[in-house]
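*Asks:* Quick one: sequence plus predicted model below, questions after.
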Amino acid sequence: MENQRAIPQGYMTTGELAKRMGVTVRTLQHYDREGLLAPSCISEGGRRLYMNKDVVKLHQILSLKHLGFSLSDIKSRLISLDKPAEVADILTEQAAIVQKKIEALSESLNALETLREEVLRMQSVDFLICNCYLLYVTEKDGSVVSDIIHSSLLGNLYSIFDYPHH
């Protein structure tokens, strides 16, 4: 009972907020240390107490994090913004970043699928061939070279290592 009296009405503890929002207490403590989400007040006993407005702010942080924003971007660029045009500009920038990541992942997926097909054609798995193939199908920036080039390179690899190929 004494514990309940220590928490003013309308406030919740770190544990209650964490449970309500599906995050850990450590996450909330980290956000507090980073200056993203400070408690509304500290109880006489030193407990961090949050209000409903903090729930809204935490939801904003979690949503932006889910969209790929770093905590430093959220803190420095987004939390303080209130003009729709400013927020829209930052969202446009983030969309471009996410699109580049999608393209890179798509290229990686294509390389993996092609390598898988080639591995299935091997009589036994030779990781030297696999590693060489992966080195040749990806350029320094991680993008996959054209199908024509890597088909030719794969044929050359098979010849170099004296493997039968398709």
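*Replies:* That came in fine, so what should we check first?

*Asks:* helix or strand for Lys101, which one?
*Replies:* Using DSSP states H and E, Lys101 maps to helix 84-121.

*Asks:* moving C-terminal of that helix, what's the next helix or strand?
*Replies:* Past helix 84-121, the next helix or strand by DSSP H and E is helix 127-137.

*Asks:* relative to helix 84-121, how tilted is that next one?
*Replies:* Put simply, helix 127-137 runs at 140 degrees to helix 84-121, going by axes from the mean of the first three to the mean of the last three C-alpha atoms, to 10 degrees.

*Asks:* Can you report phi and psi for the residue nearest the centre of the chain?
*Replies:* The residue lying closest to the centre of the chain (C-alpha atoms, centre = their mean) is Gly68, at 5.6 Å. Recorded main-chain torsions at Gly68 are phi 100, psi 0, according to degrees, to the nearest 10.

*Asks:* Wait, it touches Ala96, no?
*Replies:* No: with contact defined as C-beta atoms under 8 Å, Gly68 does not reach Ala96; the gap is 11.0 Å. For the C-beta atoms, the positions are set from N, CA and C on the backbone; glycine is no exception.

*Asks:* so where's this protein uncertain?
*Replies:* For the chain, applying pLDDT under 70 flags the ranges 1-6, 78-81, 133, 136-166.

*Asks:* Domain map for it?
*Replies:* 2-78, 84-160 (automatic domain parsing).

*Asks:* Please identify the most buried of these.
*Replies:* Of the domains of the chain, the one with the most neighbours on average (mean count of other C-beta atoms under 10 Å) is domain 2-78, at a mean of 15.

*Asks:* what about that one, distance to the chain center?
*Replies:* Relative to the centre of its chain, domain 2-78 is centred 21 Å away, using C-alpha atoms, centre = their mean, to the nearest Å.
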